[in-house]
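J.: I would like to see how this sequence folds:
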Amino acid sequence: MRGVAWRRVVGQIGRSVTVWAASTATMLVLAALLPDFRLESADGDSAPRIAVTAACGAGAFGVLSAVVWPLLVRLLLLVPALFLGLLVFVLNGSLLLLALRINPSGRGAVAPETAVIVAAVVSAVASATGAALAVRDDETYRRRLHRLATRRRGSDPPCPTTPGLVFVQLDGVGHDVLTGAVRKGVMPTVARWLATGDGRPSDGTPPTHRLTPWRTDWSSQTGASQLGILHGSTFDVPAFRWYEKDRGEVMVSNRPTSAAELQRRAILHTGDGGLLTVDGASRGNLFSGGAGEQALVLSIAARRRGRENRSRAGYFAYFSDPAGAVRTALSFVAEVVREVGQSTRARLRRQRPRVRRGGLYPLVRAFATVVERDVVVAAVMGDMLAGRTAVYADLVAYDEVAHHSGPHSRDAEKVLQRLDRALALLQRVAEHAPRPYRIVVLSDHGQSPGETFRARYGLTLGDLVRAGCGLPVPRRAEGTRSGAEARAAVRAALRRPVEEKGERHRPARGSEPIVLASGNLGLVSFPDVHHRMSKEEIDARHPALLTTLAHHPGIGFLLVRSEKHGGVLLGAHGAEIPLAELDDGSGPLARFGPGAADAVRRTHSFPHTADIMVNSAHDPADGEVLAFEEQIGSHGGLGGAQSRPFLLSPLDLSAPVDGEEELTGAEHVHQVLRRWLGELSGPQVPLTDDTGTDDTETDDTEDERAA
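T.: So this is what the prediction gives:
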């Protein structure tokens with residue numbers, strides 16, 4: 001044992017010296033190439049003296065990066081995470097300036113702007129050299145990955161020999177997109193797991209995973225699906241955003257306060273702390289799943305305890321490694337440039353459909369596709385190497401890009417390639433973990449392509465609702481065919497003559513409606529009425545509204561409460577079908593596929609369903625919908641691939657469903673994942689409040705552990 005330890009120390013010293021030498025050589029090369037960077041006095045120095053200056057500078061920079069950098073990043077937790085990667089360059093350059101100033105040789109100078117470049121290159125070379133050396137030694141490689149962990153187990157207890165489960169959510173990747181990417185060779189790791197390539201069996205290697213599609217609720221979006229997957233309940237989540245009359249508040253699934261409230265309600269509804277209550281970790285999710293280890297979890301982001309926001313603990317853990325920080329920052333800048341180039345090309349080619357991609361969007365995209373991915377993957381790697389029982393992580397990169405570029409675009413395919421590489425990395429890390437791991441990959445919803453409602457008809461859903469209520473609409477919408485038809489319908493319903501040019505009629509009585517959009521699902525609420533309005537009440541107040549909406553070619557169907565039938569579905573040509581008589585094969589729902597009627601009936605039962613639920617039109621021939629938001633790849637309602645995500649599971653776990661049974665709803669997926677945890681680790685018994693892992697009440701101790 002003593003000999004092994006001695007060889008380990010010698011090996012570590014050798015690697016450190018090699019990294020130092022590589023950094024020194026890099027500084028010498030940069031000094032020769034960059035006019036504002038020198039490693040000699042103004043009068044000149046001999047080559048050995050310059051080499052000594054470079055070696056001292058590289059050594060001082062390495063020490064400062066190891067000692068000072070983590071302290072700086074901890075202070076920067078107050079900075080919005082979107083800009084943390086950008087500040088990496090400035091801070092790294094500042095450390096190089098300081099290293100040259102304290103250089104024992106007394107020589108060396110660099111301009112501040114050049115220091116940023118030099119520091120980035122030196123850090124990148126040092127990181128690459130260290131990684132290349134470490135990979136040759138499995139034990140060293142494992143220790144290096146440990147440093148990326150969000151938290152290590154304090155006492156390193158013996159790790160169980162039973163397998164753990166890692167759940168990786170590829171946000172927004174539909175079953176159709178995944179199978180298409182596998183056929184085209186875009187995702188070779190997934191293709192290898194399925195033993196499929198270009199639609200044919202591969203080299204004879206047997207498959208390790210099975211692919212199962214599943215069907216979402218009417219609300220096909222992350223807020224509902226992930227809440228159901230992690231906490232076992234999608235009850236009373238009618239959309240991505242909705243208005244709650246009893247609280248006078250708009251709920252938004254990705255708003256921290258709303259996410260916390262939804263998680264609280266789900267726990268009360270099920271009486272269950274969540275999927276991850278036993279030695280679990282939640283990374284990059286909207287909800288905690290009851291995990292004791294949490295980082296980048298939105299439902300806790302609104303809680304500030306002590307000096308740090310616990311939701312940013314993962315950023316500190318990742319960016320405390322300067323080499324990784326520089327690598328991510330360089331990738332961030334490259335992604336911004338890539339997005340600007342792709343959007344410019346789409347605009348010059350006049351691609352249709354297309355939405356605006358300017359403003360802050362390039363930064364938002366780079367954050368989702370680079371920073372969030374790198375931080376979450378590093379955290380999952382650390383969890384696996386710490387031997388945690390269950391890990392659930394969300395990678396949002398594809399969803400963000402597909403919204404603006406389209407779900408089947410080349411831009412989105414490039415993101416899928418990088419996500420596939422992340423899966424390959426996790427598989428490799430599993431080989432170094434202290435316990436076996438099963439990797440399950442799943443999605444929360446898909447995306448449906450299509451033009452936006454506004455692009456096709458020249459007005460928004462809100463404009464159409466206002467026109468149907470007899471309220472003024474913006475000038476851009478007044479001259480559209482839809483706007484004119486809505487105004488004519490209002491006057492006909494009120495039995496008024498056709499409006500002459502320049503005439504202004506009195507707005508309808510009552511408060512203005514609140515119109516919210518969740519992809520191709522729209523919600524209309526009247527805030528001055530404290531209960532959910534019925535069809536009869538809406539017709540009495542706004543006689544033309546429901547007819548205007550139901551007859552519009554861009555709208556597939558409406559759901560409203562009915563005093564006579566309990567609830568009715570309204571469609572074109574006067575269709576009015578009581579919910580009890582709904583079926584998937586006829587009427588307005590015939591285009592929306594199996595399960596649509598059950599999904600509508602369930603949403604009708606929610607306490608906070610809007611006065612009018614509006615689903616856009618859907619063309620089954622091409623799978624297109626019309627988003628009420630500015631998105632050409634959308635999800636949130638019924639229609640097309642958005643309602644058909646996937647579950648990719650190892651073959652040594654039991655099949656998700658038996659025979660011809662269909663996997664329906666996120667709550668059903670939750671039951672399957674719980675069953676798998678039970679198969680691998682025995683009964684999953686939530687820990688008590690005394691242990692601090694029951695997420696019903698998150699305490700300060702938990703916050704400190706996550707940091």
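J.: which secondary structure elements does the helix or strand containing Val614 sit against?
T.: Val614 belongs to strand 612-616 when assigned by DSSP states H and E. Counting contacts by 3 or more C-beta pairs under 8 Å, 6 or more residues apart in numbering; DSSP states H and E, strand 612-616 packs against strand 521-525, helix 545-551, strand 555-562. C-beta coordinates here come from the backbone N, C-alpha and C atoms, glycine included.
J.: paired strands for that strand, with orientation please.
T.: Strand 612-616 sits in its sheet next to strand 521-525 (antiparallel), strand 555-562 (antiparallel), going by DSSP bridges.
J.: mind checking what helix or strand follows the longest one in sequence?
T.: Just to be clear, that refers to strand 555-562. Sequence order places strand 566-570 as the next helix or strand after strand 555-562, per DSSP H and E.
J.: now do that next one and strand 555-562, the angle between them.
T.: With axes from the mean of the first three to the mean of the last three C-alpha atoms, to 10 degrees applied, the angle from strand 566-570 to strand 555-562 works out at 160 degrees.
J.: so which bits of strand 566-570 are buried?
T.: Judged by neighbour count using 16 or more other C-beta atoms under 10 Å, the buried positions of strand 566-570 are Gly567, Val568, Leu569, Leu570.
J.: how about stretch 610-622?
T.: Buried residues in stretch 610-622 (16+ other C-beta under 10 Å): Ala610, Asp611, Ile612, Met613, Val614, Asn615, Ser616, Ala617, His618.
J.: and if you look at stretch 242-259?
T.: So stretch 242-259, judged by 16+ other C-beta under 10 Å, has buried residues Trp242, Tyr243, Glu244, Lys245, Met251, Val252, Ser253, Arg255, Pro256, Ser258, Ala259.
J.: return the most buried member of the strands paired with strand 612-616.
T.: Of these, the one with the most neighbours on average (mean count of other C-beta atoms under 10 Å) is strand 521-525, at a mean of 28.
J.: could I get that one in CSV with only the CA atoms?
T.: Extracted in CSV, the C-alpha atoms of strand 521-525 (Å, rounded to 0.1, in the frame of the first residue of the first chain):
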residue,chain,number,x,y,z
LEU,A,521,-52.9,26.6,-26.3
GLY,A,522,-54.7,29.8,-25.4
LEU,A,523,-56.5,30.7,-22.2
VAL,A,524,-59.0,33.5,-21.8
SER,A,525,-60.1,34.6,-18.3
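J.: list the contacts of the very next helix or strand once past it.
T.: The C-terminal neighbour of strand 521-525 among helices and strands, as given by DSSP H and E, is helix 535-541. With contact meaning C-beta atoms under 8 Å, 6 or more residues apart in numbering, helix 535-541 is reached by 508-510, 526, 529, 533, 545-546, 560-564, 568, 570, 611-612.
J.: likewise stretch 352-362?
T.: Contacts for stretch 352-362 (C-beta under 8 Å, 6+ apart): 335-336, 339-340, 343, 346-347, 404, 406, 449-452, 455, 630-632.
J.: any chance of the helices and strands packed on strand 612-616 in CSV, plus mean pLDDT and distance to Gly462?
T.: Shown next, in CSV, are the helices and strands packed on strand 612-616 (pLDDT from 0 to 100; distance: least, C-beta to C-beta, whole Å):
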stretch, mean pLDDT, distance to Gly462
strand 521-525, 98, 9
helix 545-551, 95, 12
strand 555-562, 97, 13
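J.: quick one, which of the ones you listed gets closest to Leu648.
T.: Nearest to Leu648, of all the helices and strands packed on strand 612-616, is strand 521-525, at 27.0 Å by C-beta to C-beta.
J.: low-scoring stretches of the stretch 201-350 of the chain, by residue?
T.: Along the stretch 201-350 of the chain, the parts satisfying pLDDT under 70 run over 201-204, 302-317, 319-326.
J.: can you give me the helices for it?
T.: With helices called from DSSP state H, counting those that start in this stretch, the stretch 201-350 of the chain shows them at 222-231, 256-270, 313-319, 322-348.
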